[in-house]
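> The following block contains a protein sequence and its predicted model.
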Amino acid sequence: MSSDKIILQLKYFTTEQRRQTNEWFFKTGKGEYSEFDQFMNVRMPQIRQVAKQYFKDIVYDEIDKLIHHPIHEIRHCGLIILVNKYQSGDEASVFKYYLKNINSVNNWDLVDTTTPHIMGDYIYHHQDQLPLLFEFSKSNDLWKKRIAIVATFVFIKQGEFKPTFKIAKTLLIDTHDLIHKATGWMLREVYKKDHQAMQLFLQENYKQLSRITLRYAIELMVENQRLLYLKGKF
């Protein structure tokens, strides 16, 4: 299967409506995180559809052409192909390839839809690799930091919160709203599993919490409790 055929298939699904959505979802202005990204305006269901259709027949040399492509949705399709390959039983080689090409995972949606399913899952089952996430959390690279916290989603689902809390604590002082949002999201996922554990983390680290992180984290609390946490009253 050639990358050119996949790209042609994606182009078939281009819509004007999606262009307007992309302009709202992604910050493409000068100096913003998607300044140099290009979009062909294809919806996520179609990206998944194409990836599912072709993942069994495409070799890594052709995937290279997808994940290093300047167009966002083409990179996204290549990364979803990797998720499909990973879930079909090719875990170790996909993990190594994903890690080698981590710089292609360079927007929040690319992180969120692929990292838990590849890096998160692999590291959960090979916890000698866990220091890699701690290293990423201290990176100067925005996307590596988001990868670090979002990868812990798999740990949370299994009731293991220590990696999330350790990385979250490192990221609380970060200045980017995409890191604040991702951290708050993961803390909210902890809350679904263990109210007390997440509440204790918030109480112990309250002075360092950004308002964005706090609001995301407490979203599922009942209203009166949520209002108290916004005021720092526990």
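Arrived safely, thanks for sending. Residues are numbered from 1 along each chain as shown.

> only C-alpha atoms for contact and neighbour calcs from this point on.
Fine.

> Could you break the chain into its assigned domains?
In the domain annotation for the chain, the residue ranges read 1-104, 127-233 (the TED database).

> can I get the ones you listed in JSON lines with mean pLDDT and distance to Ile118?
Converted to JSON lines, the domains of the chain look like this (pLDDT from 0 to 100; distance: least, CA to CA, whole Å):
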{"stretch": "domain 1-104", "mean pLDDT": "89", "distance to Ile118": "6"}
{"stretch": "domain 127-233", "mean pLDDT": "97", "distance to Ile118": "8"}
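
> Among the ones you listed, show me which one is buried the most.
Of all the domains of the chain, domain 127-233 has the most neighbours on average by mean count of other CA atoms under 10 Å, namely a mean of 18.

> Enumerate every residue touching Trp143.
Contacts for Trp143 (CA atoms under 8 Å, 6 or more residues apart in numbering) come out as Val105, Asn106, Asn107, Trp108, Val111.

> cutoff 6 Å now
The contact partners of Trp143, taken as CA atoms under 6 Å, 6 or more residues apart in numbering, are Asn106.

> Which of the helices or strands spans it?
Secondary structure from DSSP states H and E places Trp143 in helix 142-150.

> how far does that helix sit from the chain's center?
7 Å (CA atoms, centre = their mean, to the nearest Å).

> related to what we said a few turns ago, redo the domains of the chain as a markdown table? Include distance to Gly120.
A markdown table is the format used below for the domains of the chain (distance: least, CA to CA, whole Å):
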| stretch | distance to Gly120 |
| --- | --- |
| domain 1-104 | 10 |
| domain 127-233 | 4 |
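
> so which of these gets nearest His117?
Among those, the nearest to His117 by CA to CA is domain 1-104 (6.3 Å).

> Can you tell me the element the closest residue to Tyr33 other than its chain neighbours falls in?
Among residues not flanking Tyr33 along the chain, Lys27 sits closest, at 6.1 Å (CA to CA, 6 or more residues apart in numbering). Lys27 belongs to no helix or strand when assigned by DSSP H and E.
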